[in-house]
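Visitor: coords below, sequence missing:
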């Protein structure tokens, strides 16, 4: 009987140990800058958190804080996740200029070609060449939107010359170069501040997406939106969903696996597709408000392309002072996007 008693006790201990391992609950904070009604919050951040919670048998729980509810400014989100003020953040790389120099390659016009799906897959597929930018945090995934168009509350932009002298909000450092290349003035603003700046006439408009229109009610402020032909864009913005390193490393292995199964290339295609689909809500809002959408002629688009070629060349030249080969990154990023688009 003793061997059986020993076996029974061993099984009991094993069951109790397993139960204890799975019984550990972790609550993670998630902080970002857009409203709780935005596509980013309801369809991406909330959906991701719900999926992770379910797959962890609710051992991972989340407290979501949209609209900077934990305090600070959008430009401080990276610092908050790096330092552990927040466990996870969703933020725009362009809010911290110079911190992510390699990842900027995917923001560039003539690199990003208007597809959130292709650029998002490429971003996550080439993390090895971007890794030095993110050494202080745990990247869960990177993504883009479909890209920037010109929103205007004051005048139509039908030609390259029409943009000259306008004040346009920029989403990033490279976006500023795109705007300057048009002969316009770039104004740095977090996107939540855009509606007030437009309504007060502090700026003429913005270089931003169609997707963001409903969340910021830009259909009430825009009079014109100018786009390049064939779905091309004036560059894009790159976002990251990232976790504090200690918050990740302190998880037990089984919960790390759940996070890993919802990160990187395992979610890139779905996230990219999601952001392509988001754009239709902006298109519909502009149509309902009868905002004029202008598609540039081939001749005028060529003028913008020439200006944007100078932006890419400037970025490559600047990279020489930052310790990496910008020309090689441009080539690799274009190849990765082309591969992802197949």
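Guide: Structure's in. What do you need? Since the model is a prediction, treat every value here as computed from it, not as a measurement.
Visitor: Please name the residues that touch the residue lying closest to residue 126 once chain neighbours are set aside.
Guide: Nearest residue to residue 126 in three dimensions, chain neighbours excluded: residue 336, at 5.1 Å (Cβ to Cβ, 6 or more residues apart in numbering). Where C-beta positions appear, they are placed from N, C-alpha and C, glycine not excepted. Going by Cβ atoms under 8 Å, 6 or more residues apart in numbering, residue 336 touches 121-122, 125-126.
Visitor: Likewise for residue 58?
Guide: Shown in contact with residue 58 (Cβ under 8 Å, 6+ apart): residue 25.
Visitor: isn't residue 147 right up against residue 233?
Guide: Yes: in this structure residue 147 lies within contact range of residue 233 using Cβ atoms under 8 Å: 2.7 Å.
Visitor: Now do the shared contacts for those two.
Guide: Common contacts of residue 147 and residue 233, defined by Cβ under 8 Å, 6+ apart, comprise 112, 114.
Visitor: quick one, which of those two is more surrounded?
Guide: Taking other Cβ atoms under 10 Å, residue 147 and residue 233 do not tie; residue 147 has more neighbours (28 against 23).
Visitor: before we move on, back to that, buried members of the contacts of residue 336 into PyMOL, please.
Guide: Of these, the buried ones can be selected in PyMOL as follows, counting by 16 or more other Cβ atoms under 10 Å:
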select buried, resi 121+122+125+126
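Visitor: Include secondary structure, distance to residue 284 and pLDDT when you put the contacts of residue 336 into CSV, please.
Guide: Formatted as CSV, the contacts of residue 336 follow (DSSP: H, G, I helix; E, B strand; the rest coil; distance: Cβ to Cβ, whole Å; pLDDT from 0 to 100):
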residue, secondary structure, distance to residue 284, pLDDT
121, helix, 26, 98
122, helix, 28, 98
125, helix, 32, 98
126, coil, 33, 98
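Visitor: for the contacts of residue 336, which one is nearest residue 174?
Guide: Using Cβ to Cβ, residue 122 comes nearest to residue 174 of those, at 16.5 Å.
Visitor: residues in contact with residue 236?
Guide: Residue 236 sits next to 106-107, 112, 116, 119, 144-148 when contact means Cβ under 8 Å, 6+ apart.
Visitor: In these, which residue is surrounded by the most others?
Guide: Of these, with other Cβ under 10 Å as the count, residue 119 tops at 31 neighbours.
Visitor: On the three-state scheme, it is what?
Guide: Following DSSP: H, G, I helix; E, B strand; the rest coil, the label given to residue 119 is helix.
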